[in-house]
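Enquirer: The following comprises the amino acid sequence and a computationally predicted model.
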Amino acid sequence: MSFAHPDGDHLTLLNVYEAFNSDDAHNVGLHQWCRDNFLSYRSLLSARSVRSQLRRIMERHELELVSTDYSSPKYWDNIRKALVAGFFMQVAKKKSGNKGFLTVKDNQDVLIHPSTVLSKENEWVIYNEFVLTSKNYIRTVTNVRPEWLVELAPKYYNLDHFAKGDVKLSLERIISRVDTMKKVAK
């Protein structure tokens, strides 16, 4: 069974979680299903437990549980937007000349870890962790639209906080494009 999602690792992990909770997995038996798919039963149970805890916290604080239907064309984009809202400080941009990436705020040269499922080269990505080995890697990576960065974290992506360079120039173009789209929409 292939869980890989072309937009990246976070979505692949969501596919794994959804498959773990499916009738197919339960029919086979969860332990066996995990063995058959080379997955950790304990890790998936832990993910389920965390999800339940978060749900109870939201209910206790009377926060509305909102979800996009899986069949909606906006499903995957909404998931990626939620990821951007949480990982807006962990963003990397492809370097000019296609040789690796730069972390957006501190301009660290990084490569995407070889374990990624990201199927194509992307201009902007969020990442879960920064791994230092003989090279600097970012791991658990998902591609994002740069417009989402300035829409969801405008204070963080205020151009006054960026040094001159490729990242700032790209952000200037993105902000200009977003502003133009807003004017056209009015």
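Expert: Cool, the structure landed.
Enquirer: Correct me if wrong: Val125 contacts Gln90.
Expert: No - counting by CB atoms under 8 Å, Gln90 is not a contact partner of Val125; they are 9.2 Å apart. Backbone N, C-alpha and C define where each C-beta goes, glycine included.
Enquirer: Show me the shaky parts of this protein.
Expert: 1, 119-120 (pLDDT under 70).
Enquirer: 90 - rerun?
Expert: 1-2, 70, 95-99, 105-107, 118-122, 132-133, 161, 163-167, 178-179, 181-186 (pLDDT under 90).
Enquirer: Can you show me the strands along it?
Expert: With strands called from DSSP state E, the chain shows them at 91-94, 101-103, 109-112, 124-132, 136-143.
Enquirer: how about those, which one is nearest Ser2?
Expert: Evaluated over those, closeness to Ser2 peaks at strand 136-143, with 17.2 Å, by CB to CB.
Enquirer: mind checking which of the strands of the chain is nearest Ser72?
Expert: Across those, closest to Ser72 is strand 136-143 (CB to CB), at 18.6 Å.
Enquirer: Show me what the closest residue in space to Thr103 that isn't next to it in sequence bridges to in the sheet.
Expert: Once flanking residues are discounted, Thr103 sits nearest to Ala92: 5.1 Å by CB to CB, 6 or more residues apart in numbering. Beta-bridge pairing for Ala92 (DSSP bridges): Thr103, Val125.
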